[in-house]
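Asker: Just need the structure, nothing else, for what follows:
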Amino acid sequence: MIEVEGVDDEGAVLARKTWRTLEPLHGIIYFVPEAADAYVRLGIAGQAGYFASRAAPMGAVTADVVVSTFFNFNPELVHAAIPAAWEVATPVALVRARFTAIDAAYRRLLGEDVLASEEMRRAAELARLAAEEAARHVEGRPLAAAHADVAWPSEPHLVLWHAQSILREFRGDGHIAQLVVRGLSGLEALVTHAASGDVPERLLRATRGWTADAWEGAADALRVRGWLEPGDKLRLTPLGEEVRQELEHGTDKLAAAPYAVLGEEQCAELRGLARPWSAALAQQLPRPG
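Answerer: Prediction:
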């Protein structure tokens, strides 16, 4: 197991619990119609809107930078969107469009009373404290660093969303570091994810743009390493299960610093405040099946 100095198991659990509760607050941006509409108004349609809007805080980067930082997408899919998107809309315009979209989506899905509540103000305050601590530890975390460099909005619900965006990318950058250390490609990481049963194989393949041949080649490589059972079905071996658990635990440890600043009591408070909003937003997310 790869250890993270200065972080114990309790810190890792605190990071995981708080991230899991708040993740829908950020993740909804990839599924609401307000986002697609905002990007179309800029002249960017389809999956290109996802790549351009999420990469925009980094500036007009090359396709290979997006391949590197997003990690598990077929490079051909990325190259079809980037850098062409920058010829249509500036990164600044895309960042602004993203805020406009989440503002409209929150107003529709959570309601004006929730957005104006004292609970929202307090949740935004706590989440911002954690995100600002993440911003102090951005070495080796390019997406987190880029998102942390975006100016903070003023309205509490947008502060909450932006904070969770930074924390989400902070965690994701650390997760990629774990995968790279273990010699996993982006595609191989996806195959292990599918084999865990969390998300259907067909959904991961379709959204990340991988062909059946490429997918099976990655699966064969993992079988050679002893991580997948022989045969046509994707099943982790005991070794594969162990490595995947270590990966997740290592990711939790690398994500711990921002939540340690809040501590157990304030993290519990933040989860309690955000839980009903996350639950409402999670109802809008696609269901695996």
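Asker: doesn't L126 make contact with L270?
Answerer: Yes - applying Cβ atoms under 8 Å, one finds L270 in contact with L126, separated by 4.4 Å. Placement of C-beta: from N, CA and C, glycine included.
Asker: was I right about H79 contacting F73?
Answerer: No - judged on Cβ under 8 Å, H79 makes no contact with F73 at a distance of 10.1 Å.
Asker: in the stretch 51-200 of the chain, which spans are helices?
Answerer: Assigned helices in the stretch 51-200 of the chain, in chain order: 63-70, 75-79, 84-88, 91-109, 112-115, 118-134, 142-148, 156-181, 186-195 (criterion: DSSP state H, counting those that start in this stretch).
Asker: Looking only at neighbour counts, state which of H79 and F73 leads.
Answerer: In terms of neighbours (other Cβ atoms under 10 Å), F73 is the more surrounded of H79 and F73; the figures are 21 against 16.
Asker: Just give me the neighbour total for D213.
Answerer: By other Cβ under 10 Å, the burial measure for D213, its neighbour count, is 8.
Asker: my bad, G46
Answerer: The burial metric for G46, expressed as a neighbour count using other Cβ under 10 Å, is 12.
Asker: ok, it to E139 distance?
Answerer: As defined by Cβ to Cβ, to the nearest Å, G46 lies at a distance of 34 Å from E139.
Asker: shared neighbours, L270 and L126?
Answerer: Contact criterion Cβ atoms under 8 Å, 6 or more residues apart in numbering; residues bridging L270 and L126 by contacting each: L262.
Asker: who's more crowded, these two?
Answerer: Here L270 and L126 are compared on neighbour count by other Cβ under 10 Å; more neighbours surround L270, at 25 against 21.
Asker: Point out where the chain drops to low pLDDT.
Answerer: Under the criterion of pLDDT under 70, the regions of the chain flagged as low confidence span 1-6, 286-289.
Asker: one more time with 90
Answerer: When the per-residue scores of the chain are filtered using pLDDT under 90, the ranges that remain are 1-9, 197-200, 202-203, 206, 232, 284-289.
Asker: what sits against the residue nearest the centre of the chain?
Answerer: Ranked by distance to the mean C-alpha position of the chain (Cα atoms, centre = their mean), the top residue is R168 at 4.9 Å. For R168, the contacting residues are W19, E23, H26, G27, by Cβ under 8 Å, 6+ apart.
Asker: what residues are up against the closest residue to A130 other than its chain neighbours?
Answerer: Residue nearest to A130 in three dimensions, not counting chain neighbours: P258, with 4.0 Å by Cβ to Cβ, 6 or more residues apart in numbering. By Cβ under 8 Å, 6+ apart, the contact set of P258 is A15, A130, A131, E133, A134, H137, L167, F170.
Asker: Tally up the residues packed near the first one, please.
Answerer: Okay, so that is A15. Other residues close to A15 by other Cβ under 10 Å number 27.
Asker: One more: the fourth one?
Answerer: Neighbours of E133 under the rule other Cβ under 10 Å: 18.
Asker: was I right about it contacting A257?
Answerer: Yes - the pair E133 / A257 is scored as a contact, 6.1 Å apart, by Cβ under 8 Å.
Asker: tell me the contacts of the closest residue to R54 other than its chain neighbours?
Answerer: Leaving aside its chain neighbours, R54 sits nearest to F70 (7.4 Å; criterion: Cβ to Cβ, 6+ apart). Taking Cβ under 8 Å, 6+ apart as the criterion, F70 is in contact with F51, R54, A55, V78.
Asker: Mind giving me the ChimeraX command for buried ones among those?
Answerer: Written as a ChimeraX command, the selection of buried residues from those, which uses 16 or more other Cβ atoms under 10 Å, is:
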select :51,54,55,78
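Asker: Who are the contact partners of A144?
Answerer: A134, A135, V138, I166, E169, F170, G172, D173.
Asker: Can you report how many residues lie near the fourth one?
Answerer: Taking other Cβ under 10 Å as the neighbour definition, I166 ends up with a count of 31.
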